[in-house]
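Trainee: only the shape, not the letters, is given here:
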């Protein structure tokens with residue numbers, strides 16, 4: 001997870017214990033701690049724990065190139081295209097690139113995507129999200145990459161391992177170095193001058209390969225859990241759509257209600273038929289008051305802590321807090337809604353609420369069932385309001401409210417699915433923490449891969 005409040009790395013020497021790895025290594029990466037030109041050109045040996053690391057200039061190992069300049073008319077058709085969002089959200093490029101761009105043969109050669117290439121986001125609204133990396137583990141024929149990215153192509157094979165570099169460049173160690181460079185410019189932007197300042201502390205190639213292969217196994221398990229969760233969530237949505245959108249929930253005889261001739265009545269608000277006995281209410285009608293608890297500002301979110309913090313970001317958990325007054329203890333699942341982002345999350349555990357734009361919806365269980373309520377919230381389309389505070393529009397949106405016994409029946413069916421989803425998320429958090437904890441220990445030789 002990218003650091004939200006990165007600290008500047010001091011250039012002053014300091015004493016350290018045997019396990020204090022990050023401080024001295026981050027100091028070696030600081031561009032303010034540089035020797036003469038001859039020292040920069042020759043890799044410098046740095047001893048850390050039981051391992052020998054060599055300090056390299058990033059620019060000596062990789063050649064930087066800018067991406068393609070394209071027009072809106074080229075987008076959405078043609079050859080595979082590597083976008084900013086794909087790089088930002090992935091340690092490794094996906095098996096197939098999800099975007100398309102119309103490009104010529106010469107552009108595909110100039111802006112190619114090949115195994116071993118590293119792509120960095122070259123601009124960001126915030127300094128701590130600059131230079132997010134993604135690594136290509138295979139060639140992508142005919143693909144080009146966005147002008148909002150920088151491509152780093154190895155100058156020689158056998159000096160850096162692609163899998164190792166994927167984890168190294170996303171580690172707090174390198175993220176601090178990137179932050180220290182980015183604050184020297186007026187905007188959060190990555191250019192060749194900054195690139196020339198960056199230093200890498202690397203073990204030998206064979207050790208990189210062993211470390212990269214091991215960490216990639218953890219990453220593969222995290223990715224598998226995410227794909228399983230996507231399937232489970234899609235199944236829960238499909239069941240909801242059958243029951244509460246198509247109205248083919250099981251009737252008293254186990255048959256699909258509407259398809260079997262179940263009674264339907266016209267609803268003037270929705271301008272459509274709904275099952276007899278159902279009603280239409282606004283979301284504001286079926287929620288309770290928001291829980292009173294201290295909100296956790298982004299600047300106070302920690303990497304570890306006793307209580308997970310839920311905000312409106314794409315990450316399900318943005319961090320942790322130890323603030324007891326911020327903890328929200330739940331009896332039934334809550335829905336967290338992003339006032340700006342419109343992201344909807346179903347929270348089934350005690351948590352703390354992020355401060356900026358994070359709205360908590362507690363369902364009135366006498367009217368609606370929590371899991372069905374979550375699905376109805378997720379279906380509301382608020383895309384036409386642009387950049388705005390969306391919560392007021394959400395509360396005024398109308399939803400179909402079935403008989404509570406039927407809604408509870410849906411909850412019983414999908415509860416095991418969401419229990420599995422949460423179990424996979426918990427395991428992913430543990431695997432991510434293990435991965436980030438192991439990387440510096442593997443590099444400095446305190447832990448070795450057999």
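Mentor: That came through fine. Predicted, not measured: the structure shown is a model, and the values here were computed from it.

Trainee: now do the residue nearest to residue 171 when sequence neighbours are not counted against residue 274, distance only.
Mentor: Nearest non-adjacent residue to residue 171, counting by C-beta to C-beta, 6 or more residues apart in numbering: residue 439, 5.3 Å away. Using the backbone N, CA and C atoms, a C-beta is placed for each residue, glycine as well. Residue 439 sits at a distance of 55 Å from residue 274 (criterion: C-beta to C-beta, to the nearest Å).

Trainee: low-confidence ranges in the protein?
Mentor: Applying pLDDT under 70 to the chain flags residues 1-51, 128, 181-191.

Trainee: now the helices for it?
Mentor: 22-29, 37-41, 58-61, 84-88, 105-110, 162-168, 172-182, 192-197, 205-244, 370-378, 391-396, 404-443 (DSSP state H).

Trainee: contact partners of the third one?
Mentor: Contact with helix 58-61 is made by 41, 152, 154-156, 159-160, 192, 195-196, 198-200, as judged by C-beta atoms under 8 Å, 6 or more residues apart in numbering.

Trainee: derive a PyMOL selection command for the buried subset of those residues.
Mentor: In PyMOL, selecting the buried portion of the contacts of helix 58-61, with burial taken from 16 or more other C-beta atoms under 10 Å, looks like this:
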select buried, resi 152+154+159+160+195+198+199+200
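
Trainee: just checking, residue 150 touches residue 82?
Mentor: No - under the criterion of C-beta atoms under 8 Å, residue 150 makes no contact with residue 82, lying 11.6 Å away.

Trainee: between those two, what contacts are shared?
Mentor: residue 119.

Trainee: neighbour count for those two, which is higher?
Mentor: residue 82 (28 against 25; other C-beta atoms under 10 Å).

Trainee: which residue is the nearest non-sequential neighbour of the more buried one?
Mentor: For residue 82, ignoring the flanking residues on the chain, the nearest one in space by C-beta to C-beta, 6+ apart is residue 145 at 4.0 Å.

Trainee: so that neighbour versus residue 204, what's the distance?
Mentor: Noted for residue 145: a distance of 30 Å to residue 204, by C-beta to C-beta.

Trainee: compare these two (neighbour count), which wins?
Mentor: The neighbour comparison of residue 145 against residue 204 (other C-beta under 10 Å) goes to residue 145, with 29 against 12.

Trainee: so where do the strands sit in the stretch 51-200 of the chain?
Mentor: 51-57, 62-66, 75-82, 99-101, 118-121, 133-135, 144-145, 149-154, 199-202 (DSSP state E, counting those that start in this stretch).

Trainee: need the contact list for residue 414.
Mentor: Shown in contact with residue 414 (C-beta under 8 Å, 6+ apart): 235-236, 239-240, 371.

Trainee: now neighbour count and distance to residue 129 too, for the residues you listed, in a markdown table please.
Mentor: What follows is the contacts of residue 414, written out as a markdown table (neighbours: other C-beta atoms under 10 Å; distance: C-beta to C-beta, whole Å):
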| residue | neighbour count | distance to residue 129 |
| --- | --- | --- |
| 235 | 13 | 33 |
| 236 | 23 | 31 |
| 239 | 18 | 37 |
| 240 | 22 | 34 |
| 371 | 27 | 33 |
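
Trainee: return the member of the residues you listed nearest to residue 380.
Mentor: Distance to residue 380 across the contacts of residue 414 (C-beta to C-beta) is lowest for residue 240, with 13.3 Å.

Trainee: the domain parsing of this structure - what is it?
Mentor: Split into domains by automatic domain parsing, the chain comes to 1-202, 226-417.

Trainee: need the nearest residue in space to residue 290, chain neighbours excluded.
Mentor: residue 360 (4.8 Å).

Trainee: for that neighbour, list each beta-bridge partner.
Mentor: Beta-bridge partners of residue 360, counted by DSSP bridges, are residue 336.

Trainee: dead centre of the protein: give me the residue that sits there.
Mentor: For the chain, the residue nearest the mean C-alpha position is residue 315 (4.8 Å; C-alpha atoms, centre = their mean).
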